[in-house]
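1. Here is a sequence together with a model predicted from it:
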Amino acid sequence: MQVTLDVPDVANISQTDAQLLFAMKLFEADKLPLGKAAEVAGLSYRAFYEILKRYGIPVVTLTEEDVKWEIENARKAR
């Protein structure tokens, strides 16, 4: 799919920055996995990961249930 946006000049944003911001938001909204979002941004997986960290966007999100499950399985594995 191709998306075309008309962004007012007052926004003072390049196409590259717009792609990055769009990819970041798609990832943050759980619409794209990290690798695909990196592709949308035109970046490598690692570079996109580093940018997400810089903007404070969590790369791994666990629910309370996920954490409890991980802890319980770690205890069983001992």
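-> Arrived safely.
2. Which parts of this structure are helices?
-> Secondary structure of the chain, counting by DSSP state H: helices at 15-28, 34-41, 45-54, 64-77.
3. where's the last one relative to the chain centroid, distance-wise?
-> Put plainly, it is helix 64-77. Centroid separation for helix 64-77 versus its chain: 25 Å, with Cα atoms, centre = their mean, to the nearest Å.
4. Can you give me the distance of the residue nearest the centre of the chain to Met1?
-> The centroid of the chain falls nearest to Phe27 when counting by Cα atoms, centre = their mean (3.4 Å). Distance of Phe27 to Met1, given as Cβ to Cβ, to the nearest Å: 16 Å. C-beta here means a position set from N, CA and C on the backbone, and glycine is covered the same way.
5. And Leu52, by the same measure?
-> From Leu52 across to Met1, the span is 22 Å (Cβ to Cβ).
6. Could you check which of the two is surrounded by more residues?
-> Set side by side, Leu52 and Met1 show more neighbours around Leu52, with 20 against 2, by other Cβ atoms under 10 Å.
7. Leaving out the residues flanking it, which one is nearest to that one?
-> What sits nearest to Leu52 in space, not counting adjacent residues and going by Cβ to Cβ, 6 or more residues apart in numbering, is Val59, at 5.6 Å.
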